[in-house]
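**Student:** Structure for this input, please:
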Amino acid sequence: MGISAILRMFFFSLLCLQGVALHADALPAITIIIDDMGNHQAQGEAALELQGAVTYAFLPHTPYAVRLAEKAHDQGKEVMLHLPMDAREGNALGPGALNLHMTETQFKQTLWENLNAIPHVSGLNNHMGSLLTRHPGAMGWMMQALTEEWPELYFIDSRTTRSTVAQEIASEYQVPNTRRDVFLDNEPSADAIERQFRVLIELARRQGYAVGIGHPYPQTVAVLQRVLSDLQIENVRLISASTMIELQQRRKSWPEPSSPLLRVAKSSKL
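**Tutor:** Here you go, the predicted structure:
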């Protein structure tokens with residue numbers, strides 16, 4: 001076989017692989033993050049029974065965080081730090097909170113202690129934070145620390161305020177990031193949670209992906225156990241937080257198809 005024929009086969013194989021990736025990525029995807037893990041053992045263990053690539057965010061220095069994070073990791077689940085931050089309403093934040101009164105050294109030391117308090121951390125999101133996430137200086141300290149000390153970690157803006165600049169600052173520091181689209185259980189009734197889950201699914205169908213945040217409430221877990229089992233029927237994928245960030249980055253970098261092969265692969269349905 002001549003060199004030109006080998007090269008043609010090689011480039012055709014690359015196109016096929018790219019087509020397969022685009023084909024899979026075209027399916028709507030959701031990420032589910034369960035926040036506030038670590039304070040209650042029974043609720044946490046029940047939440048860990050959810051099937052599929054659910055991501056779990058653990059509050060630092062809570063009684064069951066380490067044990068449950070280890071169990072999550074052993075089950076192949078993705079683990080995050082749920083990082084307490086100053087809230088505008090002055091809510092009690094628990095141990096490890098970052099606040100506006102800290103010096104830069106105190107701020108980064110507290111961040112370091114929190115990240116080291118949770119094993120197997122892949123990324124972090126804010127707990128509360130309606131005050132702190134609107135301050136570019138504080139968010140700059142955090143993203144600088146992540147860039148310099150933990151470049152493998154991602155950040156998810158929980159968007160507890162419309163005035164947040166956290167995701168914007170993360171992007172400026174080139175920290176992998178995304179944002180919460182839907183809170184699932186602000187109203188913690190089964191009917192309301194299911195309605196919010198439908199909002200999440202429809203948003204994923206419109207824009208290709210969506211991120212939902214819930215909590216280890218018994219009613220949230222019960223609803224998710226039921227609706228997540230129907231995702232295959234919905235033709236929607238459940239993916240981890242890190243995979244969601246990678247997916248969004250790929251979609252932002254996709255060139256327009258330049259060959260019939262790519263056009264077919266990108267528009268085909270499974």
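
**Student:** rest of the way, CA atoms for contacts and neighbours
**Tutor:** Noted.

**Student:** For the stretch 101-250 of the chain, just list every one of the helices.
**Tutor:** Assigned by DSSP state H, counting those that start in this stretch, the stretch 101-250 of the chain shows helices spanning 104-117, 136-149, 166-172, 190-207, 218-228, 231-234, 241-253.

**Student:** So which of those is nearest Ile30?
**Tutor:** Ile30 sits nearest to helix 190-207 of all the helices of the stretch 101-250 of the chain, at 6.4 Å, using C-alpha to C-alpha.

**Student:** So for the closest one, what gets flagged as buried?
**Tutor:** The neighbour-count check on helix 190-207 (16 or more other C-alpha atoms under 10 Å) flags 190, 193-194, 196-197, 199-201, 203-205 as buried.

**Student:** now stretch 208-228
**Tutor:** Across stretch 208-228, burial judged by 16+ other C-alpha under 10 Å covers 208-224, 228.

**Student:** Over to stretch 85-100?
**Tutor:** 85-87, 93, 96-99.

**Student:** Look at it and report the distance between its end residues.
**Tutor:** In stretch 85-100, first residue to last residue: 9 Å (C-alpha to C-alpha, to the nearest Å).

**Student:** before we move on, what about stretch 160-173?
**Tutor:** End to end - C-alpha to C-alpha - stretch 160-173 spans 21 Å.

**Student:** what does it contact?
**Tutor:** For stretch 160-173, the external contacting residues (C-alpha atoms under 8 Å, 6 or more residues apart in numbering) are 128-130, 133-136, 139-140, 143-144, 147, 155-157, 176-179.

**Student:** Just the buried residues of those residues.
**Tutor:** 128-130, 133-135, 139-140, 143-144, 147, 155-157, 176-179.

**Student:** Filter these down to just the ones in strands.
**Tutor:** Among the buried ones among the contacts of stretch 160-173, the members found in strands (DSSP state E) are 128, 155-157, 177-179.

**Student:** Show me the two of the residues you listed that sit farthest apart.
**Tutor:** Longest span within these, C-alpha to C-alpha: Met128 and Asn177, 17.8 Å.

**Student:** rewinding a little: lowest-confidence one in the buried residues of stretch 85-100?
**Tutor:** Taken together, the buried residues of stretch 85-100 show their lowest pLDDT at Leu93, with 90.

**Student:** Could you pull up the residues touching that one?
**Tutor:** By C-alpha under 8 Å, 6+ apart, the contact set of Leu93 is 84-86, 127-128.

**Student:** Where do the strands of the stretch 1-150 of the chain begin and end?
**Tutor:** In the stretch 1-150 of the chain, the strands defined using DSSP state E, counting those that start in this stretch lie at 29-37, 55-58, 78-85, 121-128.

**Student:** so which of those gets nearest Arg251?
**Tutor:** strand 29-37 (12.3 Å).

**Student:** Which secondary structure elements does that closest one sit against?
**Tutor:** Here strand 29-37 touches strand 55-58, helix 190-207, strand 209-214, strand 237-238, helix 241-253, going by 3 or more C-alpha pairs under 8 Å, 6 or more residues apart in numbering; DSSP states H and E.

**Student:** what about it, distance to the chain center?
**Tutor:** Mean-position distance between strand 29-37 and its chain equals 7 Å (C-alpha atoms, centre = their mean, to the nearest Å).

**Student:** just the angle between that strand and helix 190-207, please?
**Tutor:** Angle, strand 29-37 to helix 190-207, by axes from the mean of the first three to the mean of the last three C-alpha atoms, to 10 degrees: 140 degrees.

**Student:** pLDDT on strand 29-37, on average?
**Tutor:** Mean predicted lDDT for strand 29-37 stands at 98.
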